[in-house]
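Asks: A predicted structure for the sequence below; I have some questions about it.
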Amino acid sequence: SEGRVEVCLNNEWGTVCDEGWDHTDATVACYYFGYNYGGQAVGSEVFGPGSGPIYLSDLQCNTYDYSLFQCGSSINSNNCTHNDDAGVICYTSQFCSDGDVRLVNQSTTLNKQGYEVVGGRVEICLEGVFGSLCTEGWSDSDANVVCNSLGYVYYDGTALTNGYFGNGTSNPLPFSLYCYGSESHISGCDISNIKYFDECVDQQQNN
């Protein structure tokens, strides 16, 4: 479950400023909403600006807090606009394991030969959270290994770019894969840090 975070104060709904908004704050919000596996903090660029009052900013939640109002914060801050509204992605299952791979916005079509073709945006788990890959260095060899990792061992992969399956809401990962194409899993590929990571934020990958 995911969306812009809003809280009710004096019978009126308002938003939360993303200034200081972090993983712990998001986890407390998700626990309050009934999602017991934690959450990921995202900014207003993901779920858009809200309206009405902005109630909270500079939250300083602890993992044992059960409500955002219980966290240390600034109330009714004048330093934020609705372009700074906080969002959250609440996990509905346990965290992933590092190296797990998934396809988001997955689709299945038939090619000209009548064979099924499966595609989607590639996301890889790092430190318990799925993130999208950047376009830098993304190749058919990498796509082959992603397909192998997903169990499609009899199919060749084709690398697609430019948000072909839509931009993700999860944070892009600060590295690129470099695979020969014959590896059975991405864990066998080289990983390289991205020199100009900021350029990759909106260039999330597809398979």
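Replies: Done, it's in. Numbers count the residues shown, from 1 in each chain.

Asks: least trustworthy helix or strand in this structure by mean pLDDT?
Replies: Lowest mean confidence among the helices and strands of the chain (mean pLDDT, DSSP states H and E): strand 72-75, at a mean of 68.

Asks: so what's the gap between the helix or strand just after that strand and the chain middle?
Replies: Using DSSP states H and E, the next helix or strand after strand 72-75 towards the C-terminus is strand 87-90. Put simply, strand 87-90 sits 9 Å off its chain's centre (CA atoms, centre = their mean, to the nearest Å).

Asks: adjacent strands (with direction) for strand 87-90?
Replies: Using DSSP bridges, the strands paired with strand 87-90 in its sheet are strand 2-4 (antiparallel), strand 39-42 (antiparallel).

Asks: give me the buried positions along the shortest one.
Replies: In this case it means strand 2-4. Residues E2, R4 are the ones in strand 2-4 that count as buried (16 or more other CB atoms under 10 Å). All C-beta atoms are positioned from the backbone trio N, CA, C, and that covers glycine.

Asks: average pLDDT across that strand?
Replies: Mean per-residue pLDDT for strand 2-4: 89.

Asks: which other residues reach it?
Replies: Residues from elsewhere that reach strand 2-4 (CB atoms under 8 Å, 6 or more residues apart in numbering): 15, 42, 44, 47-48, 50, 85-90, 169.

Asks: the same query, at a cut-off of 6 Å, please.
Replies: Here strand 2-4 makes contact (CB atoms under 6 Å, 6 or more residues apart in numbering) with F47, G50, D85, G87, I89.

Asks: now stretch 22-32
Replies: V5, G38, G39, Q40, A41, L59, C61, D65, S67, L68, V88, C90.

Asks: how many neighbours does the fifth one have?
Replies: When counting by other CB atoms under 10 Å, one arrives at 21 neighbours for A41.

Asks: so what's it bridging to?
Replies: Under the criterion used (DSSP bridges), A41 bridges to V88.

Asks: just flag the most distant two among the contacts of stretch 22-32.
Replies: The most widely separated members of these are Q40 and S67, with 18.9 Å between them, by CB to CB.

Asks: the more surrounded of the two?
Replies: The neighbour comparison of Q40 against S67 (other CB under 10 Å) goes to Q40, with 22 against 12.

Asks: please tell me how far the nearest residue to the more buried one once chain neighbours are set aside sits from H82.
Replies: Closest residue in space to Q40, ignoring its immediate chain neighbours: I89 at 4.4 Å, by CB to CB, 6 or more residues apart in numbering. Separation of I89 from H82 (CB to CB, to the nearest Å): 20 Å.

Asks: cool, and D58?
Replies: Distance from D58 to H82, counting by CB to CB: 17 Å.

Asks: repeat that for F165.
Replies: Applying CB to CB, the value for F165 to H82 is 29 Å.

Asks: who's more crowded, these two?
Replies: Neighbour count, other CB under 10 Å: between F165 and H82, F165 has more, with 19 against 15.

Asks: so that one, which of the three states?
Replies: Secondary structure state of F165, per DSSP: H, G, I helix; E, B strand; the rest coil, is coil.

Asks: relative to G14, how far out is it?
Replies: 34 Å.
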